[in-house]
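Asker: Coordinates for the following, if possible.
(chains A and B)
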There are 2 protein chains.
Amino acid sequence: MRSPRLTIELPSWVDGLVDWQRRYPRPEDRMALVIAVGHEQIRRATGGPFAAAVFERDSGVLVAVGVNLAVPSHNCVLHAEVVALMMAGAQLHSHSLGAEGMPQHELVSSCEPCAMCLGAVFWSGAASLVTGATKGDAEAVGYNEGPVFPESYAHLERKGMTVVREIMREEARALFAAYQAAGGEIY
Amino acid sequence: MRSPRLTIELPSWVDGLVDWQRRYPRPEDRMALVIAVGHEQIRRATGGPFAAAVFERDSGVLVAVGVNLAVPSHNCVLHAEVVALMMAGAQLHSHSLGAEGMPQHELVSSCEPCAMCLGAVFWSGAASLVTGATKGDAEAVGYNEGPVFPESYAHLERKGMTVVREIMREEARALFAAYQAAGGEIY
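Answerer: Predicted coordinates for the structure are as follows:
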């Protein structure tokens, strides 16, 4: 046995759907993109009903997109937020999105992050986190978020991160219903 | 701009160091391998002073190894535990190490996991977690573990996971001193 070589890439439809050139100035512009990516993910059946993206916080430039690829990739850590952060690091050639000389970055996620993804956000150096659907919305359809507590968010905020919740919550939550209607499996 | 294609692989020295054929029956056998991998990681300067491995819990078969690759890979999520879990998923062709029909799996880490990695353990389907150095040991040399609380572990244990701490703690903690002596940067 030898160590495998992993390749991680987004489904091929992403670059056809996403407009990389335009700016996404408002939180709603950013969340609308993320939700559109989530719906296409469901329509194409390429993974779970979660999507995320990284933007330059002030300019609204889109840096990276992520979707949940855990089951098709045989890789339990490939939640949408983790994929978006990995892709952003690769684009920026930096393990930190908050490195000196860089603009600030924002992670926008269709749902409040699970324990793992919240930890990843903490490590990412992102200056802000914007979420749509709530932990409760995800749990209501059978997803488990793991050990996330109010104190987890307080910890991030004490470290200087801004967290804005429930942007377009109803539209974001509708991803779960669309996924269930499409017969998607909740693992 | 287009989405990048990421390749993740272990440093080439890993397969030369690790004996994939032997069994690792006791927690100390498993931790000794992990610590040896950590020391080689420091000597080769291929990343941070953390190592982990996944074993079949009962048989002691080695399934996957991980080291911290965050800085050299420009990828903030590539902590040792995450890398080991990703590699294990690839070996087993499953996002879950606890899928039906599989033997139980154990993650062994040179240090108590950060918030992200603890979340990843939760998602991995591993039946047990074994750690060496403590969160306090990591924090004492300047690492930050993020929002990990006693309740985080209680959550995992309620879900049926066994957690065994401080196996070869002194030897595992010595990785930090070795890293510092080698001039390694704590990010």
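Asker: ok, residue A:58 - contacts?
Answerer: Contacts for residue A:58 (C-beta atoms under 8 Å, 6 or more residues apart in numbering or on different chains) come out as A:103-104. From N, CA and C alone the C-beta is placed, and that goes for glycine too.
Asker: mind checking how far it is from residue A:106?
Answerer: For residue A:58, the distance to residue A:106 equals 9 Å [C-beta to C-beta, to the nearest Å].
Asker: ditto for residue A:40
Answerer: Applying C-beta to C-beta, the value for residue A:40 to residue A:106 is 22 Å.
Asker: So which residues of chain A form strands?
Answerer: Per DSSP state E, chain A carries strands over the ranges A:6-8, A:51-56, A:62-67, A:105-111, A:128-133, A:162-164.
Asker: Chain A: helices as residue ranges?
Answerer: For chain A, the helices defined by DSSP state H occupy A:13-17, A:27-44, A:70-73, A:80-92, A:115-124, A:135-140, A:150-158, A:169-181.
Asker: how about those helices, which one is nearest residue B:11?
Answerer: Smallest distance to residue B:11 across the helices of chain A (C-beta to C-beta): 18.4 Å, for helix A:80-92.
Asker: who are the neighbours of that closest one, in terms of helices and strands?
Answerer: Helices and strands touching helix A:80-92, by 3 or more C-beta pairs under 8 Å, 6 or more residues apart in numbering or on different chains; DSSP states H and E, are strand A:51-56, strand A:62-67, strand A:105-111, helix A:115-124, strand B:6-8.
Asker: Those: which one's closest to residue B:115?
Answerer: Of all the helices and strands packed on helix A:80-92, helix A:115-124 sits nearest to residue B:115, with 3.5 Å by C-beta to C-beta.
Asker: before we move on, the earlier item: any chance of CSV for the helices and strands packed on helix A:80-92, columns distance to residue A:5 and mean neighbour count?
Answerer: Formatted as CSV, these follow (distance: least, C-beta to C-beta, whole Å; neighbours: other C-beta atoms under 10 Å in any protein chain shown):
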stretch, distance to residue A:5, mean neighbour count
strand A:51-56, 25, 28
strand A:62-67, 21, 26
strand A:105-111, 28, 28
helix A:115-124, 22, 29
strand B:6-8, 6, 17
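Asker: how about the ones you listed in CSV, adding distance to residue B:139 and mean pLDDT?
Answerer: Listed next are these as CSV, based on distance: least, C-beta to C-beta, whole Å; pLDDT from 0 to 100:
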stretch, distance to residue B:139, mean pLDDT
strand A:51-56, 28, 98
strand A:62-67, 30, 98
strand A:105-111, 25, 98
helix A:115-124, 14, 95
strand B:6-8, 27, 96
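Asker: now those as TSV including distance to residue B:163?
Answerer: Formatted as TSV, these follow (distance: least, C-beta to C-beta, whole Å):
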stretch	distance to residue B:163
strand A:51-56	29
strand A:62-67	30
strand A:105-111	27
helix A:115-124	15
strand B:6-8	27
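Asker: on that earlier part again, make TSV out of the strands of chain A and add distance to residue A:98.
Answerer: Listed next are the strands of chain A as TSV, based on distance: least, C-beta to C-beta, whole Å:
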stretch	distance to residue A:98
strand A:6-8	22
strand A:51-56	12
strand A:62-67	13
strand A:105-111	7
strand A:128-133	11
strand A:162-164	12
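Asker: With residue A:184 as the reference, name the closest of these.
Answerer: Of these, nearest to residue A:184 by C-beta to C-beta is strand A:62-67, at 12.7 Å.
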